[in-house]
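>>> Any chance you could fold what I've pasted below:
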Amino acid sequence: MDTKRIRTLLEALAAGRAGVDATLDELAGLGVRSLHNAALDGHRELRTGFPEVILCESKTPAEVADIVAALDEAGSRILATRARPEHFEAAAARVGGLDWRERAQLFVKRRPPRDDCRGRVLVVSAGTSDAPVAEEAAWTARMMGAHVETLYDVGVAGIHRLTAHAKLLAWPDAIVVAAGMEGALPSVVGGLVGCPVIGVPTSVGYGSSFGGLSALLGMLNSCAAGLTVVNIDNGFGAGLAAARIARRLGEAEAGRPDAPAGAAAPGAGGEGEEG
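Numbers count the residues shown, from 1 in each chain. You can find the predicted model right below:
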């Protein structure tokens with residue numbers, strides 16, 4: 001339950017269109033709802049601005065479907081990450097309108113309308129192999145209510161691919177940069193822009209990358225001032241953090257354009273694209 005729904009309930013009560021008992025029954029849904037193997041936090045969106053997210057990893061398809069059905073019944077936005085096709089199929093058999101995003105390995109429902117979106121997030125990937133993690137970040141930020149653009153395969157092996165998008169780099173309130181191998185791209189981006197940059201080390205790379213550890217250590221030791229780093233392959237965490245930063249700024253400066261003129265250049269993906 002979000003603030004809009006609570007406001008509607010209280011206005012109906014104040015206007016006499018709803019009774020006290022009916023309103024209390026609706027508000028009772030704000031508490032914890034216990035399922036067989038889960039306890040859903042109905043207050044989370046009120047506290048943090050975003051409802052509970054489903055991490056499908058290590059859950060059975062039936063467990064995921066139960067949680068999705070409960071969230072859908074409550075009218076919540078739905079974001080299910082680290083999902084396999086069988087998770088989506090089980091959930092889709094019970095809930096209509098789910099949107100599967102194969103590259104990001106997630107599915108969503110009730111994406112915020114563009115008119116309700118605030119703040120601007122750019123998600124960048126060093127290579128195409130880093131794009132699944134970048135897509136997880138991009139879709140998380142979209143579901144959080146930010147305007148999102150993407151720019152993929154612009155790593156340091158050909159840095160001219162990045163510098164060709166100077167206008168796009170100047171557009172966002174926050175940037176997420178996903179990179180494997182040595183994890184150098186967030187440092188480069190951090191030296192070019194004035195907004196917050198969040199680095200996501202990915203597990204992409206050969207033997208001595210140690211499953212993303214080399215990229216993580218490289219980003220943590222960056223000489224670019226102010227670079228923030230999340231855990232290996234944590235596109236969700238980076239996207240959520242970027243969207244929170246961007247929305248705060250966007251709410252203060254509502255009415256700014258969604259994207260600069262000419263932003264949709266080769267290598268850049270806009271709202272709803274997979275990059």
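
>>> quick check: longest helix of the protein.
helix 235-252 (DSSP state H).

>>> So which elements touch it?
Applying 3 or more CB pairs under 8 Å, 6 or more residues apart in numbering; DSSP states H and E, one finds that helix 235-252 contacts strand 120-125, helix 131-144, strand 174-179, strand 197-201. Heads up, the C-betas are built off the backbone N, CA and C, glycines and all.

>>> List of residues touching the first one?
Identification of contacts with strand 120-125 by CB atoms under 8 Å, 6 or more residues apart in numbering yields 131, 133-135, 137-138, 141, 146-155, 162, 168-169, 171-179, 185, 189, 239, 242-243, 246, 250, 256, 258-259, 275.

>>> report the angle between the axes of that strand and helix 235-252?
150 degrees (axes from the mean of the first three to the mean of the last three CA atoms, to 10 degrees).

>>> Strand 120-125 to strand 174-179, inter-axis angle?
10 degrees.

>>> Pull the residues that contact stretch 237-244.
49-50, 119, 121, 123, 136-141, 144-146, 174-176, 178, 196, 198-200, 228, 230-231.

>>> For PyMOL, what selects the buried ones among those?
Those of the contacts of stretch 237-244 that count as buried under 16 or more other CB atoms under 10 Å are selected in PyMOL with:
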select buried, resi 49+50+119+121+123+136+137+138+139+140+141+144+145+146+174+175+176+178+196+198+199+200+228+230
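
>>> picking up where we left off before, for the helices and strands packed on helix 235-252, give me TSV that also has distance to R82 and mean pLDDT.
Converted to TSV, the helices and strands packed on helix 235-252 look like this (distance: least, CB to CB, whole Å; pLDDT from 0 to 100):
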stretch	distance to R82	mean pLDDT
strand 120-125	18	96
helix 131-144	8	95
strand 174-179	15	97
strand 197-201	15	97
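
>>> looking at the ones you listed, which is closest to A62?
Nearest to A62, of all these, is helix 131-144, at 23.6 Å by CB to CB.
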